[in-house]
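K.L.:
Please work out how this folds:
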Amino acid sequence: MPGYEIIDNKEKKAVSKIFDEGAVLFAHGFPNIRKKYYVRELEQKFSSLMKCKYALPVASGTAAIKIALKAIGIKPGDEVITQAFNFVATVEAIIDCGAKPIIVGVDNSLNICPLDLITKITKKTKAIIPVNMLGASCNFKEIKKIAIKHKIRIIEDNCEAFMGKYEKRYLGTICDIGILSLDYGKFITSGEGGVILTNNKKYYKFCKQYHDHGHENSPKYSRGNDNRKIVGFNYRMTELQATICIEQLKKAKLILKKNKERYKLLDKKINKNINKRLIIENSEPNYDTFIFYVKKSLKLKIIKYLKKIKLGTKNLPDAIKWHCSYYWGHAVDKKQIRNSVRTKNLLTSAIAIPILINKNLKFYNSVVLEINKIYEKYR
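P.N.:
You can find the predicted model right below:
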């Protein structure tokens, strides 16, 4: 479920509190007219929750990916591998760094296929960006083996699987740098926003400076006299975003609990002959989406029913053109389009049921029973 479903008076009061405390909406400076720094507080809360040394809130998940790429030294001409089932933002960030996106197909987990990954590595490959799509973990055991062998950095795009786990560790903390998104459709939201997670002090230091015009934020100097050693950009989060996210974080475990109840009901009751998305061993999704595969004639009838009850199909297929590189001729070359064909064909058989907290267990029970009826009648 998206965090926007349970935005309430707590977020409203938190925003109002900023105005009561001086109305400073900027995350730096103005110490004499403010009481708190909410972005700094949010850093600490993410670091504590995720059991990660460093957490840096930024303007968006897309910005977070680009900053992470810069931190590991991606330059024009480098190749960065990512997966065909993805959101276009990952490819946009790679291109914005002057690098070339290389597309790898997905397996039945709908995440990066390690076997295909091996075939796409060249001397120009400098990074891999596996993406935990629609709430579920990639196969990090195999991905990390490949990366270590070839001495390649991994940026973990965890924009869609916040609170999910792999081997009891939170997704987003598995690799060199992890990325979270806080946009309005995500597990928790601040409207827009993102977070960079890392245990590497060097990467954190670069990210912190780069996202803030190169500011070192040295305690020795005032903001206006601060040092700078690198050319940066403005990818800062505002205090408004941070205070909303702090309240949303308090609801994260409740969201996970409610998601799991609905997901498990679907998983238990769906017809046993229907193929479900593969969940990687030793991982736990955030139960954001329930995905299964059916033939085209069945798919059309199930989608018709889901539209009728106004539930929809999260990304599969309702936003597939924004989430599969087969359709991104404006951004990738023909070879990468060809690399996307197998994934596109797999996705055309998939249906994604969104898990929503405002829909109760009785509702989801009726959904799965109707899907089973359609399956039995038309299979």
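K.L.:
make it CA atoms for all contacts and neighbour counts henceforth
P.N.:
Fine.
K.L.:
Tell me how the chain divides into domains.
P.N.:
With domains defined by automatic domain parsing, the chain comprises 3-249, 252-378.
K.L.:
Check those for me and report the most buried one.
P.N.:
domain 3-249 (a mean of 20; mean count of other C-alpha atoms under 10 Å).
K.L.:
for this protein, what spans make up the strands?
P.N.:
54-58, 79-83, 100-104, 125-129, 153-157, 165-166, 169-170, 177-181, 194-198, 275-276, 283-284, 289-293, 350-354 (DSSP state E).
K.L.:
coming back round to it: let's have the domains of the chain in JSON lines, adding mean pLDDT.
P.N.:
Below are these laid out as JSON lines (pLDDT from 0 to 100):
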{"stretch": "domain 3-249", "mean pLDDT": "97"}
{"stretch": "domain 252-378", "mean pLDDT": "97"}
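K.L.:
Quick check: which of the strands of the chain is nearest to Glu261?
P.N.:
Evaluated with C-alpha to C-alpha, the strands of the chain place strand 289-293 nearest to Glu261, the distance being 11.8 Å.
K.L.:
Direction included, what does that closest one pair up with?
P.N.:
strand 275-276 (antiparallel), strand 350-354 (antiparallel) (DSSP bridges).
K.L.:
Turn the ones you listed into JSON lines, columns for distance to Ser16.
P.N.:
Listed next are these as JSON lines, based on distance: least, C-alpha to C-alpha, whole Å:
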{"stretch": "strand 275-276", "distance to Ser16": "45"}
{"stretch": "strand 350-354", "distance to Ser16": "32"}
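K.L.:
Select, out of these, the one closest to Leu300.
P.N.:
Nearest to Leu300, of all those, is strand 350-354, at 9.8 Å by C-alpha to C-alpha.
K.L.:
residues touching the closest residue to Ser60 other than its chain neighbours, list them.
P.N.:
Distances taken as C-alpha to C-alpha, 6 or more residues apart in numbering place Gly193 nearest to Ser60, at 3.8 Å, with adjacent residues excluded. Residues in contact with Gly193, defined by C-alpha atoms under 8 Å, 6 or more residues apart in numbering, are 57-61, 181-183, 237, 241.
K.L.:
Contacts only, for the residue nearest to Ala352 when sequence neighbours are not counted.
P.N.:
Excluding the flanking residues, the one nearest Ala352 by C-alpha to C-alpha, 6+ apart is Ile291, at 4.4 Å. Counting by C-alpha under 8 Å, 6+ apart, Ile291 touches 276-277, 350-353.
K.L.:
what do you get for Gly105?
P.N.:
For Gly105, counting by C-alpha under 8 Å, 6+ apart, the contacting residues are 83-85, 112-113, 116-117, 339-340, 342-343.
K.L.:
How about Asp267?
P.N.:
Asp267 neighbours (C-alpha under 8 Å, 6+ apart): Phe290.
K.L.:
Give me the subset of the contacts of Gly105 that lies in helices.
P.N.:
The helices, defined by DSSP state H, take in 116-117, 339, 342-343 from the contacts of Gly105.
K.L.:
To Lys301, which of the strands of the chain lies closest?
P.N.:
strand 350-354 (11.3 Å).
K.L.:
And the contacts of stretch 200-213?
P.N.:
So stretch 200-213 is contacted by 53-56, 58, 67-68, 71-72, 176-177, 198, 215-217, 230-236 (C-alpha under 8 Å, 6+ apart).
K.L.:
Over to stretch 274-288?
P.N.:
1, 108-110, 134-139, 161-168, 187, 256, 259-260, 263, 290-294, 354-355.
K.L.:
Find the residue at the geometric middle of the protein.
P.N.:
Nearest to the mean C-alpha position of the chain, counting by C-alpha atoms, centre = their mean, stands Cys159 at 1.0 Å.
K.L.:
What segments of the protein are helices?
P.N.:
Using DSSP H, helices in the chain cover 9-20, 38-50, 61-71, 88-96, 114-120, 140-150, 201-210, 239-249, 252-269, 296-308, 334-339, 341-347, 361-378.
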